[in-house]
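# need the 3D shape of this:
(chains A, B and C)
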Amino acid sequence: MHATPEQRAPLPESFYARGALRVARDLLGCVLVRRLGRQLLTGRIVETEAYVGMEDQACHARMGRTRRNAVMFGPPGRAYVYFIYGVHDMLNIVCAPAGRPEAVLVRAIEPVEGIASMRRLRGLVRPTALASGPGKLCRAFAITRRHNGADLRVPPLWVTHGTLQRGERVVRSARIGVEYAGKDADRAWRFYVDGNPNVSRARPARPLRRA
DNA sequence: CTTGAGATGCCCT
DNA sequence: GGGCATCTCAAGA
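Have a look, this model is predicted:
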């Protein structure tokens, strides 16, 4: 089954300009594409989190603009990639018009093409563990801080339209690892495909709501 | 490992 | 007593 040109076309900037909450939901099922030399690595996005501007106490922009978070203040549809814990790169997508620092963290991907390369990049783990977390996915797709600011409509890294399959349901929960965020720690701003084995934490800590 | 907030210290006027 | 360079250190999805 081959993708049509339409399906392969990158999502336009307007898709990303609608605010992190809507975009986080709508990115589920869309396809991340990475060109590595002559090879394409692709996968369906199955888990995201919204980070919603300066008011959001979990958002990197909460203290205003700094050197690190500057790309969040720029145009939508760009990669905001940062390094954390001395170990992981994290891929975020800027999701509001310039000046509004909102972004979606891409947290898990279901590998589709280029799985052999992903295994090389990640080590020999279960296929469903190749990209089942924000740090893992950056490793599997060879995404690093060098991609910070990259336009996600052109190679080597872009996102194309995709849909959920029959029977796939979106659920939401609190975001992972934001306990420090006070009033915002419990907001249900994490979205994922219910039951998908590539999601980073299959078993939720708390009850879920249908999204 | 990086970041940035806060502390500390230094020199100016 | 303010502005700024430097340090220090906790915390980070």
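
# and chain A, which residues reach DNA strand B?
By Cβ under 7 Å from any atom of the strand, the residues of chain A that approach DNA strand B are A:63, A:66-69, A:82-86. Every residue, glycine included, has its C-beta placed from N, CA and C.

# buried ones among those?
The neighbour-count criterion (16 or more other Cβ atoms under 10 Å) marks A:69, A:82 among the residues of chain A next to DNA strand B as buried.

# in TSV: the residues of chain A next to DNA strand B, plus secondary structure and distance to DNA strand C.
What follows is the residues of chain A next to DNA strand B, written out as TSV (DSSP: H, G, I helix; E, B strand; the rest coil; distance: Cβ to the nearest atom of the strand, whole Å):
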residue	secondary structure	distance to DNA strand C
A:Met63	helix	11
A:Thr66	coil	12
A:Arg67	coil	13
A:Arg68	coil	10
A:Asn69	coil	10
A:Tyr82	strand	8
A:Phe83	strand	7
A:Ile84	strand	5
A:Tyr85	coil	5
A:Gly86	coil	5
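
# quick one: the residues of chain A next to DNA strand B as JSON lines, columns for pLDDT and distance to A:Ala20 too.
Below are those laid out as JSON lines (pLDDT from 0 to 100; distance: Cβ to Cβ, whole Å):
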{"residue": "A:Met63", "pLDDT": "89", "distance to A:Ala20": "18"}
{"residue": "A:Thr66", "pLDDT": "91", "distance to A:Ala20": "19"}
{"residue": "A:Arg67", "pLDDT": "90", "distance to A:Ala20": "22"}
{"residue": "A:Arg68", "pLDDT": "94", "distance to A:Ala20": "18"}
{"residue": "A:Asn69", "pLDDT": "95", "distance to A:Ala20": "14"}
{"residue": "A:Tyr82", "pLDDT": "97", "distance to A:Ala20": "16"}
{"residue": "A:Phe83", "pLDDT": "96", "distance to A:Ala20": "21"}
{"residue": "A:Ile84", "pLDDT": "95", "distance to A:Ala20": "19"}
{"residue": "A:Tyr85", "pLDDT": "94", "distance to A:Ala20": "23"}
{"residue": "A:Gly86", "pLDDT": "92", "distance to A:Ala20": "26"}
